[in-house]
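coordinates for the following, if possible.
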Amino acid sequence: MFSRGVPLLLAIAGVCNALVPHRIAAARSNALGAFKSNFPPVDGGPESTTDKPAAAATTESDAASDASRAALEASFAVEAAPVADPTAGAALLDALTGKTKGADLGPLIDACEESYDKRSFDEKAILGPWRLKYQLDGKKAQRSQKLLAPDKTGFPADSDFITDDKGRKVFRNVARLSKKRVAVIADVAYEVSEGIPNRLLSDIVAASIQIQVGKRFGWRPLRIPLPLKGLGWLDVTYLDDKLRVTRGNRGGLFVHVRPELDK
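Here you go, the predicted model:
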């Protein structure tokens, strides 16, 4: 049962230790909030300057933020809504769930993304459980991400958009290393960007290896903390009630379906 999981477990632990020096210091009290400031709101918001004294001098930083905000406003103003294709999602879903055999996923994913209006993103629609069906890593992808891909572990990987016990909005990623006993679990806190409507600004807030032993005796799973930290973002490039396509800041492409559709 552990023949595949143990080597991966050791590899992941090594990768995590190597990642520590490259992560943002834990002393930052509000890392996600600080990161969010890099994406100015399109229509005012908490960073609005209307309450500043009229005579205050505009700094170079303020000017850069104003220019960035203006560029975003202009891009949304002139961007035409894509032509919706109601068949695009259905075609990709059929290919992912095995109803269509031998389909080339690339063009199907492209068709979904081309038909999706990112300004229509509804955060409520992404809530709940999802199962990873397709992963294409970018050149800058972390080794741990590559090692935990389902095609490497041989087991499913899930994510669940929830509110955790601390009241944070998180998506909980679960990568299984065995059928039932061993999994790597990472909670990623997120906020929707005010400047880019389909972007989720993210921060890894907890990660551990969970080992289930003695379940029949009522024992709780053994959790070994992992030093995974990092800020990033996830762009939702297609979303409906059964299917979502996302792209990460390191160039990764991920396609998920609702778990009940993955028979």
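
and residue 146, which of the three is it?
Of the three states, residue 146 takes helix according to DSSP: H, G, I helix; E, B strand; the rest coil.

so it touches residue 139, yeah?
No - between residue 146 and residue 139 there is no contact under C-beta atoms under 8 Å: 11.1 Å. (Glycine included, C-beta is placed from N, CA and C.)

of those two, give the one with the bigger neighbour count.
In this view residue 146 and residue 139 are compared by other C-beta atoms under 10 Å, and residue 146 has more residues nearby, 14 against 7.

skipping adjacent residues, who's closest to that one in space?
Nearest non-adjacent residue to residue 146, counting by C-beta to C-beta, 6 or more residues apart in numbering: residue 137, 5.4 Å away.

one more: residue 129?
Excluding its sequence neighbours, the residue lying closest to residue 129 (C-beta to C-beta, 6+ apart) is residue 160, at 4.6 Å.

what sits up against the helix or strand hosting that neighbour?
Applying DSSP states H and E as the criterion places residue 160 in strand 157-163. Residues outside strand 157-163 that contact it (C-beta atoms under 8 Å, 6 or more residues apart in numbering): 126-132, 148-150, 169-176, 256, 259.

got the CA coordinates for the next helix or strand after it in PDB?
Once strand 157-163 ends, the next helix or strand along the chain (criterion: DSSP H and E) is strand 169-176. Extracted in PDB, the C-alpha atoms of strand 169-176 (Å, rounded to 0.1, in the frame of the first residue of the first chain):
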ATOM      1  CA  LYS A 169     -11.700  31.700   3.000                       C
ATOM      2  CA  VAL A 170      -9.400  28.900   1.800                       C
ATOM      3  CA  PHE A 171      -9.200  26.200  -0.900                       C
ATOM      4  CA  ARG A 172      -8.000  23.000   0.800                       C
ATOM      5  CA  ASN A 173      -5.900  20.900  -1.600                       C
ATOM      6  CA  VAL A 174      -5.700  17.200  -0.800                       C
ATOM      7  CA  ALA A 175      -3.100  15.100  -2.700                       C
ATOM      8  CA  ARG A 176      -3.300  11.500  -1.800                       C
END
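
please, where are all the helices along this protein?
For the chain, the helices defined by DSSP state H occupy 5-19, 31-36, 60-78, 86-96, 105-115, 143-147, 150-153.

and those helices, which one averages the lowest pLDDT?
Least confidently modelled of the helices of the chain is helix 5-19, at a mean of 48 by mean pLDDT.

OK, contacts around the most centrally placed residue in the chain?
Closest to where the C-alpha atoms of the chain average out (C-alpha atoms, centre = their mean) is residue 234, at 4.6 Å. Residues counted as contacts of residue 234 (C-beta under 8 Å, 6+ apart) are 190, 199-200, 202, 246-249.

burial count for the residue nearest to residue 129?
Residues near residue 160, counting by other C-beta under 10 Å, number 15.

check residue 162 too.
When counting by other C-beta under 10 Å, one arrives at 15 neighbours for residue 162.

that one and residue 238, how far apart?
According to C-beta to C-beta, to the nearest Å, residue 162 stands 22 Å off from residue 238.

identify the residue nearest residue 199 in space, chain neighbours excluded?
Once flanking residues are discounted, residue 199 sits nearest to residue 193: 4.0 Å by C-beta to C-beta, 6+ apart.
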